[in-house]
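*Asks:* starting from these lines, generate the structure:
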Amino acid sequence: MNELPDETELLTCLARLMDISPKLQLFVTSTADVASSVISSSMLRTIQVEQQDTITDISILLDHTLEEDPTLRSLSVSLKDEIRQTLMTNSDGS
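*Replies:* Numbers count the residues shown, from 1 in each chain. From the prediction side, this is the model:
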């Protein structure tokens, strides 16, 4: 949701779809609680993800990518360490 200039229109559309199709389930992510302003709270289940959880996920993905990507895995250990350090230092997990 964070990439949208105005999430209200999309959320309104999603709320209408949920009204029409009660079995419809959606997974929406955002750093702010934008959905509750448009979608009925009885239709929402909020899961709070802590920043540390996100940083851990980024680290796992980064390690996997550096080892499995055909182009990146051939890099020197020192360069991979530098890439990892740079990305982790500049990632705030949000």
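*Asks:* determine the longest helix present in the chain.
*Replies:* helix 51-68 (DSSP state H).
*Asks:* from the chain's centroid, how far away is it?
*Replies:* With Cα atoms, centre = their mean, to the nearest Å as the basis, helix 51-68 stands 13 Å off its chain's centre.
*Asks:* by contact count, what packs against that helix?
*Replies:* Counting contacts by 3 or more Cβ pairs under 8 Å, 6 or more residues apart in numbering; DSSP states H and E, helix 51-68 packs against helix 77-90. The C-beta positions use only the backbone N, C-alpha and C, and glycine is treated the same way.
*Asks:* where in the chain is pLDDT low?
*Replies:* The chain contains residues with pLDDT under 70 at 1-2, 30-44, 92-94.
*Asks:* please report how far the spatially most central residue of it lies from residue 57.
*Replies:* Central residue of the chain (Cα atoms, centre = their mean): residue 29, 6.0 Å from the mean position. Residue 29 sits 12 Å away from residue 57, going by Cβ to Cβ, to the nearest Å.
*Asks:* next, count neighbours for the residue lying closest to residue 58 once chain neighbours are set aside.
*Replies:* Closest residue to residue 58 apart from its sequence neighbours, by Cβ to Cβ, 6 or more residues apart in numbering: residue 91 at 5.3 Å. Look at residue 91: counted by other Cβ atoms under 10 Å, it has 13 neighbours.
*Asks:* wouldn't residue 91 be in contact with residue 55 here?
*Replies:* Yes: in this structure, residue 91 is within contact of residue 55 by Cβ atoms under 8 Å, at 6.7 Å.
*Asks:* quickly note the distance from residue 72 to residue 26.
*Replies:* According to Cβ to Cβ, residue 72 stands 34 Å off from residue 26.
*Asks:* fine, thanks again, bye for now.
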